[in-house]
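Engineer: Take a look and give me a structure for this.
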Amino acid sequence: MPDRVNPSSTPARKRAYDASRRRELAEESLRTVLARARDLFLAQGFGATTIAEIASTAGVSPESVYKNFGGKPGLVRAIYEASLLGGGGLPAEQRSDHAQLTATDPLALMQQFGRFTTEVSPIGAPIFLLIREAAASGDVTMAALLCEVDDSRSRRMLHNARQLAVRGFLRQGMSDQEAADVMFTCTTAELYESLVIKRGWSAERYGSFVARTLAANLL
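Structural biologist: Residues are numbered from 1 along each chain as shown. The predicted model follows:
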């Protein structure tokens, strides 16, 4: 008769490793780095801020910052891209696409565009202006990033304009490119800088102005 195996003597099955908590901590650390970097960049400027300062205030090593972001230009890029998400549960671009596909009233859609501008511009415009200033100072990496950001926004506005054309919302005779140029101009960081930063408008007043300007020129 075969010997009976004592259950207590069998090796315990190893539990599957749950990495979710570790990933959460890592993501939280990255968010902290971006938040601290944003504060320092806006307070001191791009050139005066060092990776060592950012790492110290975020409680991480400089090596980890380089590993995850590749240096200061990579940090600025990540900060700017994060700003485009807006403050809602879904990225602002996704919500914008949904609004364009489902809207039945073009004027209401322009008002929605104004609200998106109100949400995103206070976050993104200061970082765009930081990029612009660093590029003007002669930093070639930031000059390249400035061109990239402008080109990306231009493509996004052409996408929006084509959506409007498909829905039949554009003024008769207006081309997709002309509409895209209007939308590009109405969403520049320079306009936000002029009206909100320099003239003291509230973000809500600014967004309402953008909505009215879009409606007056596109519909």
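Engineer: Show me what the top helix by length along the chain is packed up against.
Structural biologist: Criterion DSSP state H: the longest helix present in the chain is helix 106-136. Secondary-structure packing of helix 106-136 (3 or more Cβ pairs under 8 Å, 6 or more residues apart in numbering; DSSP states H and E): helix 20-44, helix 72-83, helix 92-102, helix 140-167, helix 189-192, helix 203-218. From N, CA and C alone the C-beta is placed, and that goes for glycine too.
Engineer: Give me the helices and strands touching the third one, please.
Structural biologist: When you say that, I think you mean helix 92-102. helix 106-136, helix 140-167.
Engineer: before we move on, what about the shortest one?
Structural biologist: Counting contacts by 3+ Cβ pairs under 8 Å, 6+ apart, the secondary-structure elements packed against helix 189-192 are helix 106-136.
Engineer: Compute the inter-axis angle for the helix it packs on and helix 92-102.
Structural biologist: 150 degrees (axes from the mean of the first three to the mean of the last three Cα atoms, to 10 degrees).
Engineer: Could I get the phi/psi values of G47?
Structural biologist: phi -70, psi -40 (degrees, to the nearest 10).
Engineer: go on, F46?
Structural biologist: phi -70, psi -50.
Engineer: try the one 4 residues further on
Structural biologist: As for T50, its main-chain torsions (degrees, to the nearest 10) stand at phi -110, psi 160.
Engineer: Can you give the domain ranges for the protein?
Structural biologist: By the assignment in automatic domain parsing, the chain contains the domains 20-80, 86-218.
Engineer: and the one residue sitting closest to the centre of the chain, what is it in contact with?
Structural biologist: Taking Cα atoms, centre = their mean, the centroid of the chain lies closest to L84, which sits 2.2 Å from it. Residues in contact with L84 (Cβ atoms under 8 Å, 6 or more residues apart in numbering) are P91, A92, E93, V120, G124.
Engineer: Among these, name the buried ones.
Structural biologist: Among the contacts of L84, the ones that count as buried by 16 or more other Cβ atoms under 10 Å are A92, E93, V120, G124.
Engineer: Identify the farthest-apart pair in those residues.
Structural biologist: E93 and G124 (11.9 Å; Cβ to Cβ).
Engineer: on that earlier part again, quick one, which of the helices and strands packed on helix 92-102 is nearest to T213?
Structural biologist: Between T213 and the helices and strands packed on helix 92-102, the tightest spacing by Cβ to Cβ is seen for helix 106-136, at 8.8 Å.
Engineer: Ok, which of the helices and strands packed on helix 106-136 comes nearest A179?
Structural biologist: Among the helices and strands packed on helix 106-136, helix 140-167 sits nearest to A179 (Cβ to Cβ), with 3.8 Å.
Engineer: ok, residues contacting stretch 95-113?
Structural biologist: By Cβ under 8 Å, 6+ apart, the surrounding residues in contact with stretch 95-113 are 86, 88, 116, 160, 163-164, 167, 169, 183, 210-212, 214-215, 218-219.
Engineer: low-confidence ranges in this structure?
Structural biologist: For the chain, applying pLDDT under 70 flags the ranges 1-18, 88-89.
Engineer: 90 - rerun?
Structural biologist: 1-29, 84-97, 101 (pLDDT under 90).
Engineer: Quick check: E204 vs Q111, distance?
Structural biologist: 12 Å (Cβ to Cβ, to the nearest Å).
Engineer: With neighbour numbers in mind, choose between these two.
Structural biologist: Neighbour count, other Cβ atoms under 10 Å: between E204 and Q111, Q111 has more, with 18 against 11.
Engineer: That'll do, ta.
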